[in-house]
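Trainee: Structure for this input, please:
(one chain, ligands or ions: 1)
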Amino acid sequence: MANDASAVFDTLSPAVSRGSLADSFTPPADSTLWRKNFLLGAATASYQIEGAVNEDGRLPSIWDTFSAIPGKVLAGDTGAVACDHYHRWEADVEMLASLGLEGYRLSIAWPRVMDAAGAPNRKGLDFYKRLLNRLKEKGITTFVTLYHWDLPQHLEDRGGWLNRDTAYRFADYADLMSRELAGTVDAWATLNEPWCSAYLGYGNGHHAPGLANDRFATQAMHHLLLAHGLAVPVLRANDPASQKGIVANIGRGTPNSDSAADQRAAHLFEVQHNAWILDPLLKGSYPQDLFELWPGTEPLVLDGDMQTISAPLDFLGINYYFRTNVASDGAHGFRDVPLEGVERTQMGWEVYPDGLRDLLTGFKKTYRNLPPIYITENGMASDDQVTDGHVEDTQRISFLKRHLAAVDQAIKAGVDIRGYFLWSLMDNFEWAFGYERRFGVVHVDYSTQKRTIKRSAELVEKFLKERKARA
Ligand code: IFM
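Mentor: Numbers count the residues shown, from 1 in each chain. Purely as a prediction, here's the structure:
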């Protein structure tokens with residue numbers, strides 16, 4: 001999810017003192033978040049934290065290639081070392097457990113576990129086995145994403161997600177992983193944010209592999225969704241006790257005026273952001289308005305594909321960050337109209353918790369078969385500094401509190417939401433923005449790899465302790 005790195009935005013930090021925040025973070029007594037079966041965890045992704053890109057037989061991914069190209073990533077950063085989690089995973093699991101977090105969402109690096117001929121790489125597999133076994137020993141619920149954007153480069157060399165064959169290679173990978181890891185995974189997510197893989201990777205080139213063509217984006221999306229659909233029955237066969245789902249990043253689009261043209265623009269924004277993914281998954285068809293927005297981009301769809309893609313899910317993962325205010329572009333599309341004077345994060349993204357509630361309640365109306373939902377990512381970047389061993393991330397505390405309240409409102413409006421994962425457990429490689437943008441509830445000093453628990457994480461821990469202690 002990238003905005004223009006050069007855009008200048010206001011960042012308004014709420015003027016809230018440490019004391020009052022500590023008192024006010026805990027949800028109100030009638031909040032559904034007090035329910036003990038509402039899972040509260042944190043999320044990460046392989047390329048963003050692991051490092052060790054050349055170790056134990058890991059092959060290059062498209063992000064190794066892309067980040068090595070000058071100008072693609074802020075400050076020339078790459079994931080070569082990242083948070084060095086590949087070597088520090090034991091301490092990181094201890095930290096996660098010490099915060100009382102109940103769930104951990106991680107992703108597997110496909111290039112770490114399979115060679116170019118599709119044979120298993122034992123050393124890579126053993127890393128994930130050790131990690132998942134330790135998480136289970138700690139009583140942590142494990143959500144594993146198979147694809148969080150680090151496609152093996154050898155598959156990109158054969159066309160990547162533009163090549164239908166990649167979907168079948170993904171099913172082979174899902175087969176291997178679910179045979180090897182069955183019993184240690186509570187929930188499998190096939191893909192993270194196919195919108196980003198397809199649109200940012202193939203539509204505008206902000207992400208790896210850096211191609212920019214709308215027709216490529218729709219074809220890549222189709223193959224990604226096909227990969228998902230092919231993988232689900234494989235996961236069900238190999239690991240029947242686990243839940244199977246997919247993670248979508250959703251965007252709120254609001255009209256800049258009441259004019260019919262601006263309303264239509266906001267609708268089209270949400271069509272390309274949400275319905276492009278959710279309609280095929282939950283209705284078995286692409287939204288026709290998408291091809292009004294991007295004429296002539298219909299993907300090649302073979303007989304049976306849409307049935308494969310729309311097989312029932314056990315859960316839908318939802319990632320939410322901000323809203324986009326739009327107006328008509330005067331033709332068949334929309335243009336962004338950034339609002340002045342609103343609260344923004346270090347990414348320049350507007351803080352807009354109502355968008356999360358409104359999208360969730362809207363999906364419940366639109367999709368009669370909407371599966372149970374987990375908020376698989378929510379959080380914000382801020383330029384956090386360690387002072388006297390502490391990080392006072394006041395804006396994040398306020399952000400999390402307001403978004404958790406939006407989740408509570410959606411639950412009370414009837415949406416079946418079963419959990420929430422903070423993005424992210426720790427500061428990490430923020431894709432095209434490198435290490436500058438800090439999303440963690442734990443601060444990482446990249447020169448020493450020292451982890452410092454931020455105030456937000458302390459407050460989440462405090463809430464979880466209180467919840468546990470309640471009768
Ligand atoms: O860091 C990313 C993550 O990898 C996918 N979802 C959005 C996050 C923040 O941009």
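Trainee: so where is the chain shaky, pLDDT-wise?
Mentor: 1-24, 471 (pLDDT under 70).
Trainee: Residues of it that sit close to the ligand?
Mentor: Within reach of the ligand by CB under 6 Å from any ligand atom, the chain has these residues: 1, 45, 48, 193, 249, 319, 377, 423, 430, 439. C-beta coordinates here come from the backbone N, C-alpha and C atoms, glycine included.
Trainee: Which ones among those residues map onto strands?
Mentor: 249, 319, 377, 423 (DSSP state E).
Trainee: Reformat the residues of the chain next to the ligand into TSV and put neighbour count and distance to residue 325 next to each item.
Mentor: Listed next are the residues of the chain next to the ligand as TSV, based on neighbours: other CB atoms under 10 Å; distance: CB to CB, whole Å:
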residue	neighbour count	distance to residue 325
1	20	16
45	26	29
48	25	29
193	26	22
249	20	18
319	22	20
377	25	22
423	23	23
430	22	23
439	27	23
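Trainee: From those residues, pick the one nearest residue 130.
Mentor: For those, the residue nearest residue 130 by CB to CB is residue 45; the value is 18.4 Å.
Trainee: Next up, phi/psi of the closest one, please.
Mentor: For residue 45, the backbone dihedrals (degrees, to the nearest 10) come out as phi -140, psi 150.
Trainee: That one and residue 189 touch, don't they?
Mentor: No: taking CB atoms under 8 Å as the definition, residue 45 is not a contact partner of residue 189, at 11.0 Å.
Trainee: Residue 76 contacts residue 70, correct?
Mentor: Yes: assessed by CB under 8 Å, residue 76 is found in contact with residue 70 at 6.6 Å.
Trainee: residue boundaries of the helices in the stretch 201-350 of the chain?
Mentor: Secondary structure of the stretch 201-350 of the chain by DSSP state H, counting those that start in this stretch: the helices cover 214-238, 260-270, 276-283, 290-293, 305-309.
Trainee: which residues are contacting the fourth one?
Mentor: Around helix 290-293, the neighbours that count as contacts under CB atoms under 8 Å, 6 or more residues apart in numbering are 218, 268, 271, 272, 275, 276, 297, 298, 332, 333, 334.
Trainee: same thing with stretch 395-411?
Mentor: Residues contacting stretch 395-411 (CB under 8 Å, 6+ apart): 11, 13-14, 16, 21, 24-25, 27, 31-33, 320, 345, 351, 353-354, 356-357, 360-361, 375, 378-380, 382, 384, 417, 420, 422, 441, 454-456, 459-460.
Trainee: what do you get if the cut-off is 6 Å, keeping everything else the same?
Mentor: Applying CB atoms under 6 Å, 6 or more residues apart in numbering, the set of residues contacting stretch 395-411 from outside is 13-14, 21, 25, 31-33, 351, 353, 356-357, 360-361, 378, 380, 382, 417, 420, 456.
Trainee: Next step: those residues restricted to strands.
Mentor: 378, 417, 420.
Trainee: For the second one, which residues are in contact?
Mentor: Same thing as residue 417. 373, 407, 411.
Trainee: how about a cut-off of 8 Å?
Mentor: 38, 360, 372, 373, 374, 375, 407, 410, 411.
Trainee: Residue 301 - how many residues pack around it?
Mentor: 15 (other CB atoms under 10 Å).
Trainee: didn't it look like it was pressed against residue 222?
Mentor: Yes: with contacts counted by CB under 8 Å, residue 301 reaches residue 222, the gap being 6.2 Å.
Trainee: can you list residues touching both of the two?
Mentor: With CB under 8 Å, 6+ apart, residue 301 and residue 222 have no common neighbours.
Trainee: need the helices of the stretch 201-350 of the chain in CSV with mean neighbour count, can you?
Mentor: Output for the helices of the stretch 201-350 of the chain, formatted as CSV (neighbours: other CB atoms under 10 Å):
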stretch, mean neighbour count
helix 214-238, 23
helix 260-270, 19
helix 276-283, 22
helix 290-293, 17
helix 305-309, 19
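Trainee: rewinding a little: need the overlap of contacts for residue 45 and residue 189.
Mentor: Joint contacts of residue 45 and residue 189 (CB under 8 Å, 6+ apart) are residue 145.
Trainee: among the contacts of helix 290-293, which are in strands?
Mentor: Counting by DSSP E, the contacts of helix 290-293 place residue 334 in strands.
Trainee: one step back: compile the helices of the stretch 201-350 of the chain into CSV and extend it with columns for distance to residue 339.
Mentor: Formatted as CSV, those follow (distance: least, CB to CB, whole Å):
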stretch, distance to residue 339
helix 214-238, 27
helix 260-270, 13
helix 276-283, 24
helix 290-293, 22
helix 305-309, 36
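Trainee: one step back: between residue 76 and residue 70, point out the one with more neighbours.
Mentor: residue 76 (12 against 6).
Trainee: any idea how far that one lies from residue 413?
Mentor: According to CB to CB, to the nearest Å, residue 76 stands 46 Å off from residue 413.
Trainee: now do residue 366
Mentor: As for residue 366, its distance to residue 413 is 14 Å (criterion: CB to CB).
Trainee: Give me the more crowded residue out of these two.
Mentor: Neighbour count, other CB under 10 Å: between residue 366 and residue 413, residue 366 has more, with 15 against 12.
Trainee: who's in contact with the residue lying closest to residue 334 once chain neighbours are set aside?
Mentor: Excluding its sequence neighbours, the residue lying closest to residue 334 (CB to CB, 6 or more residues apart in numbering) is residue 265, at 3.6 Å. Taking CB under 8 Å, 6+ apart, we find residue 265 in contact with 253, 255, 256, 326, 327, 328, 329, 333, 334, 335.
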